[in-house]
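Asks: Provide a 3D model corresponding to the input given below.
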Amino acid sequence: MSSFTVGGISTGIDYNDLISKLIEAQRQPINILEDKKSSYNEKITQYSSLSSKLSSLKSAVDKLKSASNFYAKSASVGDSAVAEATVSNTASTSNYTLTVTTLASEENEAHSGVAASTTVVNNSGTDKAFQYTYGGTQRTLTVTNGTTLEGLRDIINADASNPGVTATIVNDGVGATPYRLIIKGNGTGAAKTITIDAGTTLDGTGSTADFRATTFTEKKTAKDADFTIDGLQIVRSSNSVTDVITGLTINLKKDGVGASTKISVTADRDTIKEQINDFVNAYNDTVDLISTNMAYDSATGESGILSGEGTARNIQNRLRSIISNTVSGQPTDMNILAQLGITTDSKTGKLNINSSTLDSKLASDLDDVATFFTNSTDGIANQLYSYINTAISSVDGSITLRENGLKDIIENIDETIRNMEYRLDKTEQDLVRRFTSLEALVSGYTNIGNYLSSVNFSTRA
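Replies: Numbering: from 1, shown residues only. Model prediction:
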């Protein structure tokens, strides 16, 4: 708006206040549009919140819509000293007998030792080589003149092409040469052997320490895990076994005499119930957001921001329709949600869970409960997932389309307001000019009056 001012010295009128009030009166249509714009923005905000709630509901039903997701599993091991087990939903419920003959192990080679960790192992005046092979990969490392035992350790560890060994120094306190270079394989399995090779020129001659194969002792042998499951012999390079029983990971811990135990894979009804509870809570959160924003308050006469919104109403009705559907092919006592102990509150539309009824159904009819949710045609979870996926699509979902429509309305309002503000600014400038002219006119008349008042019009006798 303009910032022009006009004085009122001649008339005694506060033109600026008068203009301000006239302009404010003419601003009322703009104020109404601003209120509408605010309302539309709030609708967009609530639709965004609704989309977020629906996304959470979609995630919850995703855990129920397929058998592989629905059937949460748990694994138990009779003797945890022998093995541990973890399981995914893809594992079949069953019992297994595990017997461990040999654990997989890594190789460990120990050098005969030198006097101190700072002992120079190459004082020959020229570069020497330390050569070893690990798991079929040979490395020849340059050991420069003046390299100490610590330096040799660091050369091995810092090698960019290190095939998977770690060198350390251990002081065993035995004899005149207690500082031993230990080379340990990082992986297990019979193929992960360590050999000190003939290319090693640190041979104990020419002021070098001897690091040939004969000076190393194998302290631990690289071995495969050897075990049986239900009498079937299996060999693996690792003690963590993931590819023997689908969905089951077994971590072997003990071998030898007494290393036998039972592993049981069962349906985890507690987790399944928790997933159903998560679905109910996510559904209730969604329904509550819609209901709250569509409600009419008779005491205040005010309606929720989404009142009259067809998109919100359609979503509410579709959700209610899906959860009240009958699932075909189910037993007559297991084809509607209420028969699982999940009922709908007639006033709020929210779901309530009868925990004891649900527990009973999960215990006695788990497969039927699973099919109720996972049925590919009209399973509750499948229907909800499919509908929500469509409703919240960022391309043509009903919420996206409505939000885009509201944004278009807001853009039109903004354009209308800009035009009205422009015209109002012109009106204000015109008023300033008019009142300025009026003030000038009155000022002129006042000056004439003052002049006439000062003239003596009396005549001499």
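Asks: just checking, what packs against the worst-scoring helix or strand of the chain on mean pLDDT?
Replies: When the helices and strands of the chain are scored by mean pLDDT, DSSP states H and E, helix 15-26 comes last with a mean of 73. Helices and strands touching helix 15-26, as assessed by 3 or more C-beta pairs under 8 Å, 6 or more residues apart in numbering; DSSP states H and E, comprise helix 398-454. Bear in mind the C-beta positions are built from the backbone N, C-alpha and C, glycine included.
Asks: got the angle for the helix it packs on vs helix 15-26?
Replies: With axes from the mean of the first three to the mean of the last three C-alpha atoms, to 10 degrees defining the directions, helix 398-454 sits at 150 degrees from helix 15-26.
Asks: Report all helices and strands that the helix or strand I263 falls within contacts.
Replies: Using DSSP states H and E, I263 sits in strand 260-267. Under the contact criterion of 3+ C-beta pairs under 8 Å, 6+ apart, strand 260-267 touches strand 73-77, strand 83-87, strand 94-102, strand 248-252.
Asks: Pull out the buried residues from the last one.
Replies: The reference is to strand 248-252. Across strand 248-252, burial judged by 16 or more other C-beta atoms under 10 Å covers 248-250, 252.
Asks: Repeat that for stretch 344-354.
Replies: By neighbour count on 16+ other C-beta under 10 Å, the buried set for stretch 344-354 is 344, 349-351, 353.
Asks: need those in a markdown table with distance to S76, can you?
Replies: Shown next, in a markdown table, are the buried residues of stretch 344-354 (distance: C-beta to C-beta, whole Å):
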| residue | distance to S76 |
| --- | --- |
| T344 | 37 |
| G349 | 41 |
| K350 | 37 |
| L351 | 33 |
| I353 | 27 |
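Asks: and these, which of them are in strands?
Replies: For the buried residues of stretch 344-354, the ones inside strands are 344, 351, 353, with DSSP state E as the criterion.
Asks: mind checking how far the first one is from T242?
Replies: It refers to T344. For T344, the distance to T242 equals 44 Å [C-beta to C-beta, to the nearest Å].
Asks: now the second one
Replies: Distance check for L351 against T242: by C-beta to C-beta, it reads 39 Å.
Asks: Let's see the pLDDT reported for R433.
Replies: On pLDDT, R433 comes in at 73.
Asks: Could you shift the numbering so residue one becomes 565, and keep it that way?
Replies: Let's use 565 as the start, then, which means that last one is R997.
Asks: and it, how many neighbours does it have?
Replies: 12 (other C-beta atoms under 10 Å).
Asks: sorry, back to before: who wins for proximity to A863 among the helices and strands packed on strand 824-831?
Replies: Evaluated over the helices and strands packed on strand 824-831, closeness to A863 peaks at strand 637-641, with 51.7 Å, by C-beta to C-beta.
Asks: how big is the angle separating that closest one from strand 824-831?
Replies: 160 degrees.
Asks: who does strand 637-641 pair up with?
Replies: The strands beside strand 637-641 in its sheet (DSSP bridges) come out as strand 824-831 (antiparallel).
Asks: right, and the helix or strand after the strand it pairs with?
Replies: helix 833-858.
Asks: What is the nearest of the ones in strands among the buried residues of stretch 908-918 to G768?
Replies: Set against G768, the nearest of those by C-beta to C-beta is I917 (78.3 Å).
Asks: Before I go, just wanted to say thanks for your time.
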